[in-house]
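*Asks:* Just need the structure, nothing else, for what follows:
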Amino acid sequence: MGQCTALSVARPRLHLWRSVPPESAGDGCAGSPDGPKIALAESLTDLLATLQELEHLGVGFVSLTEGLDLTTPAGRAVAGLLADFAEFEGEILRERVRAGLAHARQNGKRLGRPVTAALHADRVQKRYRRVVR
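*Replies:* Numbering: from 1, shown residues only. Here you go, the predicted model:
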């Protein structure tokens, strides 16, 4: 069984599997549960596309850390639910950030990068004029 690490698996679509010769079908690829974590996808859409591509290539995905076997209908259902909750969590976080920014603006808080250069522009121009003359 070969070893895959976060460095050997190209994200987001795992194109590494295309280089596996057909005669090695049935071989596996395992990562250490103590090793680096590999993000299989960055969104629900990407996860579904990646899993579909793996299935098309005849590759089954089993997460040893989570005990999730995506080669079974129940495993795929649980993975779908986990992906839905992860996307929901991301949307809630974005919503909270937007609400916080709106609240800060409403309270007169200036957002964004400080205008330090603009605050000192007059002093810099005066010093420049003195040196040039």
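*Asks:* quick one, phi psi at residue 80?
*Replies:* Main-chain dihedrals, residue 80, degrees, to the nearest 10: phi -60, psi -40.
*Asks:* which stretches of this protein form strands?
*Replies:* Per DSSP state E, the chain carries strands over the ranges 2-3, 29-30, 62-63, 68-69.
*Asks:* what are the pairing partners of the third one, and which direction each?
*Replies:* Within its sheet, strand 62-63 is paired with strand 68-69 (antiparallel), according to DSSP bridges.
*Asks:* Could you list the low-pLDDT ranges of the chain?
*Replies:* Within the chain, the ranges that satisfy pLDDT under 70 run 1-40.
*Asks:* Would you map the helices across it?
*Replies:* With DSSP state H as the criterion, the chain has helices at 44-56, 73-106, 116-119, 121-132.
*Asks:* Ok, which of these comes nearest residue 64?
*Replies:* Closest approach to residue 64 among the helices of the chain (C-beta to C-beta): helix 73-106, 12.5 Å. Just so you know, the C-beta spots here come from the backbone N, C-alpha and C atoms, and that holds for glycine as well.
*Asks:* For the closest one, name the packing helices and strands.
*Replies:* If contacts are counted by 3 or more C-beta pairs under 8 Å, 6 or more residues apart in numbering; DSSP states H and E, helix 73-106 sits against helix 44-56, strand 68-69.
*Asks:* Kindly reformat those as CSV containing distance to residue 113 and mean neighbour count.
*Replies:* Formatted as CSV, the helices and strands packed on helix 73-106 follow (distance: least, C-beta to C-beta, whole Å; neighbours: other C-beta atoms under 10 Å):
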stretch, distance to residue 113, mean neighbour count
helix 44-56, 31, 15
strand 68-69, 43, 16
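*Asks:* out of the helices of the chain, deepest packed?
*Replies:* helix 44-56 (a mean of 15; mean count of other C-beta atoms under 10 Å).
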